[in-house]
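In: Got a sequence here, can you model it:
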Amino acid sequence: MKMQSIGDRELVKMYMAGNDNALSELINRHKDKVFTSIFLFVKDQILAEDIFQDTFIKVVETLRRGKYSEEGKFLPWVLRISYNLCIDHYRKVKRTPTITNSDGYDIFKVLKFAEDNAEERIIRNQTRTKVRQLIAELPPEQKEVVILRHYGELSFKEIAAITNVSINTALGRMRYALINMRKMIVDNQIAL
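Out: Numbers count the residues shown, from 1 in each chain. Predicted coordinates for the structure are as follows:
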C-alpha cells in the first residue's frame, strides 16, 4: 500500500509504532499549508523556517511521548502548534505581522490586475495601503481571522482549530472585523 493513499490517522499510528516513513509522508503532505500559515504571520523566510522546524520538533516529541490525542485532526493540531509558536515569537518581539504570500512578497503587491494607466495604479496602491491600515486597526482576534481567512485561504473550521475557538466564534470575529472596517471607512470618510 502506498503511503499517499493512507489517511493521517493511520500514518500517525504507523509512526507511533516505529515507522519513520509515515512521519515523512505526514510532513510532505502538510508542509506547504503549515509553512504558508507560519510565513503569513512572521513575514520572514528564515524565521518561518525556524518556526516550521520547531513545530515539527514539537510534533515528533508529542508523538514519541504518546501524548497525541487529536485522532483524525492531525493538520489542525499541527497548525495550532505552529500558530502558538508564532504567537510566542510575537510576544517576545512585540511586533505585528504584515500580510505576505508564501513567496515572501507583500500580498497587495502580487495581486494580479489588468494593465491600467498610471492614475489607476496610484489609486490601487493607495487602496491597498488603506486596506492594510484598516486591518492593522482591528483588534488582534479579528485581525488574525481576516489574515487567516483571506490571505491564508483557510476555512473557518481550520481557523477555529488553529485559534482554539469554536467555528461560531471564528465566524463572529470575521463578522465583527467586517463591521469594524466598514465603520472605520464611514467614520474616516475613506474612499476605496
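In: Okay, now the unreliable bits of the chain?
Out: Across the chain, the ranges flagged by pLDDT under 70 are 1, 71-72, 93-117, 119-121, 151-152, 191-192.
In: quick one: Thr169 from Ile122, how far?
Out: 39 Å (C-beta to C-beta, to the nearest Å). For every residue, glycine as well, the C-beta is placed using N, CA and C.
In: Compare these two and say which one has the larger neighbour count.
Out: Just comparing Thr169 and Ile122: by other C-beta atoms under 10 Å the higher neighbour count belongs to Thr169, 16 against 10.
In: Quick check: that one is in a helix.
Out: Yes: checked against DSSP: H, G, I helix; E, B strand; the rest coil, Thr169 lies within a helix.
In: any idea which element the most centrally placed residue in the chain lies in?
Out: The geometric centre of the chain, computed from its C-alpha atoms, lies nearest to Ser37 (C-alpha atoms, centre = their mean), at 3.0 Å. If you go by DSSP states H and E, Ser37 is part of helix 20-42.
In: what residues go with each domain of this structure?
Out: 1-97, 104-192 (automatic domain parsing).
In: so where does Lys143 fall, helix or strand?
Out: With DSSP H and E as criterion, Lys143 is part of helix 140-146.
In: Restricting to C-alpha, output that helix in PDB.
Out: What follows is helix 140-146, C-alpha atoms only, in PDB (Å, rounded to 0.1, in the frame of the first residue of the first chain):
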ATOM      1  CA  PRO A 140      -5.900  41.200  17.400                       C
ATOM      2  CA  GLU A 141      -8.600  38.400  17.300                       C
ATOM      3  CA  GLN A 142     -10.400  40.000  14.400                       C
ATOM      4  CA  LYS A 143      -7.100  40.800  12.500                       C
ATOM      5  CA  GLU A 144      -6.000  37.200  12.900                       C
ATOM      6  CA  VAL A 145      -9.200  35.800  11.400                       C
ATOM      7  CA  VAL A 146      -9.100  38.200   8.500                       C
END
